[in-house]
Structure formats: structure tokens, C-alpha cells
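A.B. asks: Fold the following for me, if possible:
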Amino acid sequence: MTRYFGGIKLGAGGLIRAYSHTAALGIANSKLVRMTTFKRISLTLEYNFLATVENYLRNKKIRVANTDYADVVTQELLLLPEQVETFLLELNDLTAANFLYEELGEVLIPIVISDCP
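C.D. replies: The predicted structure follows:
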């Protein structure tokens, strides 16, 4: 059996300092998050409405999880549950009701609340 050693013997005090420093660095770089429920919505629309809808999504800061560009555009959106009704009403006005949507369920997403001290 062969044993290789190339480090420095730290001793109990050195190990404590090394582990304490590493833990402090981890805590200093951590963030406090809140797990938030979002509704997953599949939105399908024609290309002639895409620019208008994408501009609306950017302005409202609505998260786009995925976009599929085929013969029509399908986007998976993440909305807070209280946003869904207003979103559908405003989208109805923007596209003259020329879209399809489907609710795909819910997902939990971590939202950063603040940096930890």
C-alpha cells in the first residue's frame, strides 16, 4: 500500500480556521430566497403577433421559459397566479383574441429576496 502526502499538517487549530474560513466564504456569497409558485402557461400565436407580444412580455417582466418557432410560435410562460387573468385579458386585446393558451400546471421557482450578511 502506498500513501502520498503533499499537504501541510494543520493540526486541530489549523483545521478549525480552514473550515471556518470556508464556511464564512459560503455564507458571504449566499442569497436569501423565497420559493414562489408560478403558473406555467403555453401560449400559441401567429408570427404576425410575435413582436407585439414579446414587447408586452418584456414590459410586464413576464418570464419566458421556452419558445418553439414552428409554423406557429409556442411559448411557455411563467406567471404568478394572480397575474393570469389580467394577462389573458390584455393579450386578448393585443391580438384580437388570435391566440391559444393552455395551463400546464405549477412550478416553484426561487426568487432572491436579499443577499445574506
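
A.B. asks: CA only for contacts and neighbour counts going forward, please
C.D. replies: OK.

A.B. asks: Quick check: pLDDT value at Leu45.
C.D. replies: As predicted, Leu45 sits at a pLDDT of 94.

A.B. asks: Actually, Ala51.
C.D. replies: For Ala51, the model assigns a pLDDT of 94.

A.B. asks: any idea how far Ala23 lies from Arg17?
C.D. replies: 10 Å (Cα to Cα, to the nearest Å).

A.B. asks: which neighbours do these two share?
C.D. replies: Common contacts of Ala23 and Arg17 (Cα atoms under 8 Å, 6 or more residues apart in numbering): none found.

A.B. asks: CA atoms of the helix or strand harbouring Leu104 as PDB?
C.D. replies: Following DSSP states H and E, one finds Leu104 within strand 99-115. In PDB, the C-alpha atoms belonging to strand 99-115 read as follows (Å, rounded to 0.1, in the frame of the first residue of the first chain):
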ATOM      1  CA  PHE A  99     -54.100  33.000 -29.700                       C
ATOM      2  CA  LEU A 100     -54.400  29.700 -27.900                       C
ATOM      3  CA  TYR A 101     -53.300  29.000 -24.400                       C
ATOM      4  CA  GLU A 102     -53.200  26.000 -22.100                       C
ATOM      5  CA  GLU A 103     -52.400  25.900 -18.400                       C
ATOM      6  CA  LEU A 104     -49.600  23.400 -17.800                       C
ATOM      7  CA  GLY A 105     -49.600  23.300 -14.000                       C
ATOM      8  CA  GLU A 106     -47.500  25.000 -11.400                       C
ATOM      9  CA  VAL A 107     -43.800  25.200 -10.600                       C
ATOM     10  CA  LEU A 108     -41.800  26.500  -7.600                       C
ATOM     11  CA  ILE A 109     -39.100  29.000  -8.500                       C
ATOM     12  CA  PRO A 110     -36.600  30.500  -6.100                       C
ATOM     13  CA  ILE A 111     -36.800  34.300  -6.100                       C
ATOM     14  CA  VAL A 112     -33.900  36.200  -4.500                       C
ATOM     15  CA  ILE A 113     -35.100  38.300  -1.600                       C
ATOM     16  CA  SER A 114     -31.700  39.700  -0.400                       C
ATOM     17  CA  ASP A 115     -28.100  38.900   0.000                       C
END
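
A.B. asks: Tell me which residues of it come out buried.
C.D. replies: Phe99 (16 or more other Cα atoms under 10 Å).
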